[in-house]
Every structure is written in C-alpha cells, then in structure tokens.
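Undergrad: Next come a sequence and a model predicted from it.
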Amino acid sequence: MEPETHQFFPMEIFERKKKIADYYWLNVCNRLDTYHPELTYPRNERGFWKSVEGEPASLVYSMEAIGDHHMWVDKFAGPTFMSDTFAARLQEAGLTGISYHRKEQA
C-alpha cells in the first residue's frame with residue numbers, strides 16, 4: 001500500500017544451530033507525530049506523558065497527521081501503527097500472528 005517506503009530484510013531462524021524457518025524483518029520507515037494537538041493532554045515538547053492520578057488526561061490520534069499513511073511509528077508513542085484499511089487487508093488475507101487494537105482518533 002506504500003510502495004518503496006518500508007524495508008523487508010530476509011531472516012533465518014535457528015534453534016540450537018538448526019534452521020527452523022525463513023522470515024522477513026519489517027522496518028517501518030514512516031515516523032510521524034500523530035497525537036492530536038488539541039485533544040491530547042497532558043503533553044510537552046517530548047510528547048504525551050503519564051498523567052497524575054485524579055487529574056484529567058486524554059490520548060487522541062490525529063487523522064490529519066496520519067493522512068494517507070498506512071503504516072508508521074509514532075515519534076512519541078513508540079509502537080508500530082497501521083491504518084484500518086491496511087489492517088482489514090491483512091485480516092482478509094488470513095495473516096496470523098498480529099494483534100489489532102483500535103485507538104481513539106479525531
């Protein structure tokens with residue numbers, strides 16, 4: 001869905017010196033700040049940080065910041081994210097071993 005953006009590296013998996021599988025390592029090459037600028041708080045110049053118990057906190061991702069990207073690493077959140085469109089395609093293809101968690105977005 002994003003040709004020539006991400007990198008795949010072949011890997012060989014070994015167990016006790018015996019090769020047991022061939023895999024590919026995926027290097028996601030989009031690095032974005034996708035926190036919504038008004039709806040995410042508390043926030044500082046380094047991103048979102050854990051709130052103090054009893055104080056208000058909100059973590060919302062910006063659809064505008066995500067734009068047309070289908071896979072990215074958020075600069076502050078850390079893990080790899082994917083669009084609903086890309087997740088649906090992976091599920092339709094029957095790909096296993098991936099867990100999906102929907103996040104609040106605006």
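TA: Here it is on my side, so go on. Residues are numbered from 1 along each chain as shown.

Undergrad: tell me the phi and psi of R89?
TA: With angles defined as degrees, to the nearest 10, R89 sits at phi -60, psi -40.

Undergrad: could you check the distance from it over to K103?
TA: 19 Å (Cβ to Cβ, to the nearest Å). Where you see a C-beta, it was placed from the backbone N, CA and C, and this is true even at glycine.

Undergrad: Also M1?
TA: Relative to K103, and taking Cβ to Cβ, M1 is found at 19 Å.

Undergrad: Repeat that for D84.
TA: In terms of Cβ to Cβ, D84 sits 10 Å off from K103.

Undergrad: Contact partners for M63?
TA: For M63, the contact set (Cβ atoms under 8 Å, 6 or more residues apart in numbering) comprises 105-106.

Undergrad: For it, give me the pLDDT.
TA: Listed pLDDT for M63 reads 93.
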